[in-house]
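Participant: coords please:
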Amino acid sequence: MTFTRSKGVVATTCRVEADVHAEASTVWRVLTDAKAFPHWNRTITLIEGDIREGARLRIHAPGSRRTITRRVSGVVPSRRMVWSAGVVPLYRRVRTFTLEPRGDGWTKFTMEERFSGVVFALVQPMLASLRPVFETYAIDLKHAAEHDAISRNGARAALRHHA
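Facilitator: Numbering: from 1, shown residues only. Model (predicted):
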């Protein structure tokens, strides 16, 4: 797993990557099942809304009463989607999820978030604390997708055995 952060004057980008031992379709299924998020993701306690093109999500994080609103766009199933918020030029957050099939049942997961805008300078100090959140998100997704892949493969093998 790799976390990187690039800082600029009016923008910062945080990025985490993880290799997941599951097909991209399995990782996608876990990543887009809003109702199941609280069961596998320690950084989110609830997502209101469906994770699909054009949807508006209301996201709740542990230890906070604040609700984060994001718009889903750029959806390419099993490959990519974007969650965004804010108003240009004041403040903008764009989180991009990318899945890259690696072959042999492996997928490279990348989550990148770009923060920009005039108000950016006010929120930049809080960005230092994003590393553990990003890493936890990636680790939790990796474990959930790998568990899902094992469960589904085991079920398929059992069905073949009984057929």
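
Participant: contacts for the lowest-mean-pLDDT helix or strand in the chain?
Facilitator: Of the helices and strands making up the chain, the lowest-confidence element is helix 120-123, at a mean of 72, by mean pLDDT, DSSP states H and E. Defining contact as C-beta atoms under 8 Å, 6 or more residues apart in numbering, one finds that helix 120-123 is touched by Val10, Ala11, Thr12, Tyr91, Phe115. The way it works is simple: take the backbone N, C-alpha and C, and place the C-beta from them, glycine included.

Participant: run the last query once more with 10 Å
Facilitator: By C-beta atoms under 10 Å, 6 or more residues apart in numbering, the residues outside helix 120-123 that reach it are 8-12, 86, 89-93, 115, 117, 127.

Participant: between all of these, which two are separated the most?
Facilitator: Largest separation among the contacts of helix 120-123 by C-beta to C-beta: Pro89 and Leu127, giving 18.7 Å.

Participant: looking at the two, which is more packed in?
Facilitator: Leu127 (16 against 12; other C-beta atoms under 10 Å).

Participant: so Phe92 sits against Ala85, correct?
Facilitator: Rather than Phe, residue 92 is Arg. Yes. Counting by C-beta atoms under 10 Å, Ala85 is a contact partner of Arg92 at 7.5 Å.

Participant: coming back round to it: show me what the helix or strand following the least confident helix or strand of the chain is packed up against.
Facilitator: Downstream of helix 120-123, the first helix or strand assigned by DSSP states H and E is helix 130-162. In this structure, helix 130-162 makes packing contacts with strand 2-7, strand 11-20, helix 24-31, helix 37-40, strand 91-103, strand 106-116, judged by 3 or more C-beta pairs under 10 Å, 6 or more residues apart in numbering; DSSP states H and E.

Participant: burial count for Ser73?
Facilitator: Neighbours of Ser73 using other C-beta under 10 Å come to 13.
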